[in-house]
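Participant: here is a sequence together with a model predicted from it:
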Amino acid sequence: MEIEDCAISLRNLYKVFGPDPAEGMEMISRGDTKDEILESTGNTVGVQDASFDVEPQEIFIVMGLSGSGKSTLLRCVIRLIEPTDGQIYLDGDNVTDMDGGQLRQLRREKTGMVFQQFALFPHRKVIDNVAYGLEIQGVSRQERYRLSEEMLDTVGLSGWEDYYPSNLSGGMQQRVGLARALVHDPSIMLLDEPFSALDPLIRRDMQRELLDLQKRLNKTMLFITHDLDEALRLGDRIAIMNEGEIVQIGTAKQIVTEPADDYVASFVQDIDRAKILTARDVATAEVPMLSQQDSVSSAWQKLSQTDAFCVVVTDDQRRLLGMVYSHDIRANMDNGTVSLEPLPVHEIESVSSERSVEDLFPLLGANSHPLAVTDSDGRLAGVADASSLVNGLVKGEERQTVASQ
Ligand SMILES: Nc1ncnc2c1ncn2[C@@H]1O[C@H](COP(=O)(O)OP(=O)(O)OP(=O)(O)O)[C@@H](O)[C@H]1O
Ligand SMILES: [Mg+2]
């Protein structure tokens, strides 16, 4: 993707904290380790050579253990922390070159931030917490209240305007935090572990809420977490950080099934692949897929190369019709029947290609019939059966065992 088309682009970003960052950079370029740099100079390498592109309206997760550099990276994006080296672009604009005025305008208009500890003003009412940013922008009282009420309604807090933060539960306080970050309609949200301080159940609620909000508001989100489940649930893509470096960027599925190194592999080893893989990934059963216009003889030929007891048939637009049993095909081999069209078609269970594998097991049922997997437009994408499901899951396991050896 071109930089101009990205919501956020980082290029070779570095942050070295300490008495002499330049010396730290020098040592990095010589290949010295972070420990060596800290030991001999007192400089801490917070972020090392981070590059990525976030697409507009994408939820991009940065995940890593405590101290891996996530917050430093996030803060560098709007230069709340000055990067030591590298380039940052938001919507194609070079943030690295901006002067103080341009930066303030950028933060006011383009970005909204949400923090782990909510950071609400305790002595301000909920509505005035949300309206705060508009207030410093000089928006009239009437207008900022109108916008703030609207945003409180969006996050499900209508009626709570005149309460104080301390009257609200943690989850509600963070809804206020979200409303405050959203009220000036920024295109980019920067969220630093926004749900980490919440109880697990509330946290799940808030994750659902965020996905729901995203459907309606279509923001670009750079979302930090140290929780892999949260990352997998929310992220369109996930960047994994380890000791200041980004070690892998990929979709949940790529991260779980193709971990780039031992570090990522150890992270994902306990993840249930049945939750990550979808019907499309396991639609590899040996059951032949044919058009009803195909000939009986070619159907028989394909069948005889497999153990399948049926073929799955479609119309000539690849739309699913059902299955035809092998004994019917065989019985019609030599009686002059040309195509599969006159043969009886039996109903076959069909599932969307996006369904998780976890949901498919119960559908297989006891009769060992396969499942037809269809795309969003109803076209046949593949066939899944018990062995293709199990194979899909086992393959991942094997790869992972190899990776962690
Ligand atoms: N102002 C600072 N001065 C010196 N070192 C710092 C400073 N801020 C962060 N660091 C160091 O930079 C590294 C990355 O810190 P950072 O806060 O970005 O990690 P994190 O991934 O956000 O961790 P957490 O999950 O605990 O929030 C750590 O080693 C940290 O000690
Ligand atoms: Mg942090």
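Facilitator: Looks like it came in fine. These figures come from a predicted structure and were not determined experimentally. Ligands and ions are numbered 1, 2, ... in the order given.
Participant: what bridges to residue 62?
Facilitator: The residues listed as beta-bridge partners of residue 62 by DSSP bridges are residue 224, residue 239.
Participant: who are the contact partners of it?
Facilitator: By Cβ atoms under 8 Å, 6 or more residues apart in numbering, the contact list for residue 62 reads 70, 73, 74, 222, 223, 224, 225, 238, 239, 241, 246. Glycine gets a C-beta too; all of them are placed from N, C-alpha and C.
Participant: just send those residues back as CSV, with distance to ligand 1 too.
Facilitator: Shown next, in CSV, are these (distance: Cβ to the nearest ligand atom, whole Å):
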residue, distance to ligand 1
70, 4
73, 7
74, 8
222, 13
223, 13
224, 7
225, 9
238, 14
239, 12
241, 7
246, 12
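Participant: where does the prediction get shaky in this structure?
Facilitator: For the chain, the stretches with pLDDT under 70 are 366, 395-405.
Participant: what does it put close to ligand 1?
Facilitator: 17, 44, 46, 64, 66, 67, 68, 69, 70, 71, 72, 226 (Cβ under 6 Å from any ligand atom).
Participant: give the contact list for whatever residue of the stretch 101-250 of the chain ends up closest to ligand 1.
Facilitator: Distance from ligand 1 to each residue of the stretch 101-250 of the chain (Cβ to the nearest ligand atom) is smallest for residue 226, at 5.1 Å. Residue 226 is in contact with 63, 64, 65, 66, 70, 193, 196, counting by Cβ under 8 Å, 6+ apart.
Participant: are any of these buried, and which?
Facilitator: Using 16 or more other Cβ atoms under 10 Å as the burial test, those include 63, 64, 70, 193 as buried.
Participant: so which of the residues you listed are in helices?
Facilitator: Using DSSP state H, the members of those that fall within helices are residue 70.
Participant: among the buried ones among the contacts of residue 226, which two are most distant?
Facilitator: Largest separation among the buried ones among the contacts of residue 226 by Cβ to Cβ: 64 and 193, giving 11.1 Å.
Participant: need the residues touching each of those two.
Facilitator: Common neighbours of residue 64 and residue 193 (Cβ under 8 Å, 6+ apart) are 70, 226.
Participant: now do the contacts for residue 47.
Facilitator: Counted by Cβ under 8 Å, 6+ apart, residue 47 has contacts 13, 14, 15, 69, 72, 73, 76, 83, 244.
Participant: now do the contacts for the fourth one.
Facilitator: Contacts for residue 69 (Cβ under 8 Å, 6+ apart) come out as 15, 46, 47, 48, 50, 241, 243, 244, 245.
Participant: swap in 10 Å and give it another go.
Facilitator: 13, 15, 44-48, 50, 62, 76, 241-246 (Cβ atoms under 10 Å, 6 or more residues apart in numbering).
Participant: can I assume residue 201 sits in a helix?
Facilitator: Yes. Counting by DSSP: H, G, I helix; E, B strand; the rest coil, residue 201 is part of a helix.
Participant: can I assume it is in contact with residue 171?
Facilitator: Yes. With contacts counted by Cβ atoms under 10 Å, residue 201 reaches residue 171, the gap being 9.1 Å.
Participant: of the two, which one has the most company?
Facilitator: residue 171 (18 against 9; other Cβ atoms under 10 Å).
Participant: my guess is residue 375 contacts residue 381. True?
Facilitator: Yes. Under the criterion of Cβ under 10 Å, residue 375 makes contact with residue 381 at 5.0 Å.
Participant: shared neighbours, the two?
Facilitator: With Cβ under 10 Å, 6+ apart as the test, residue 375 and residue 381 both reach 280, 318, 352, 353.
Participant: show me what contacts residue 129?
Facilitator: So residue 129 contacts 118-123, 148, 152, 164-165, 173, 176-177, 179-180, 183 (Cβ under 10 Å, 6+ apart).
Participant: and with 7 Å instead?
Facilitator: Applying Cβ atoms under 7 Å, 6 or more residues apart in numbering to residue 129 gives the contacts 120, 121, 165, 176, 180.
Participant: so is it in a helix, a strand, or just coil?
Facilitator: Per three-state DSSP, residue 129 ends up helix.
Participant: strands along the stretch 201-350 of the chain, start to end?
Facilitator: Along the stretch 201-350 of the chain, counting by DSSP state E, counting those that start in this stretch, strands occupy 220-225, 237-242, 245-250, 289-291, 310-314, 320-325, 350-352.
Participant: which residue ranges of the stretch 51-200 of the chain form helices?
Facilitator: 70-77, 100-109, 126-136, 141-154, 170-182, 200-217 (DSSP state H, counting those that start in this stretch).
Participant: relative to helix 126-136, how tilted is the fourth one?
Facilitator: Direction vectors for helix 141-154 and helix 126-136, defined by axes from the mean of the first three to the mean of the last three Cα atoms, to 10 degrees, enclose an angle of 130 degrees.
Participant: now do the second one
Facilitator: Per the same axes, to 10 degrees, the angle that helix 100-109 makes with helix 126-136 is 150 degrees.
Participant: tell me how many other residues surround residue 282.
Facilitator: Residue 282, neighbours per other Cβ under 10 Å, totals 25.
Participant: which ones are touching residue 247?
Facilitator: Counting by Cβ under 7 Å, 6+ apart, residue 247 has contacts 240, 260, 261, 263, 264.
Participant: right, and the second one touches residue 246 too?
Facilitator: Read it as residue 260. No. Residue 260 is beyond contact range of residue 246, at 10.0 Å (criterion: Cβ atoms under 7 Å).
Participant: neighbour count: these two, which is higher?
Facilitator: residue 246 (22 against 15).
Participant: so the more buried one makes contact with residue 60?
Facilitator: No. Here residue 246 does not reach residue 60: they are 11.4 Å apart, not a contact under Cβ under 7 Å.
Participant: quick one, phi/psi of residue 79?
Facilitator: phi 60, psi 30 (degrees, to the nearest 10).
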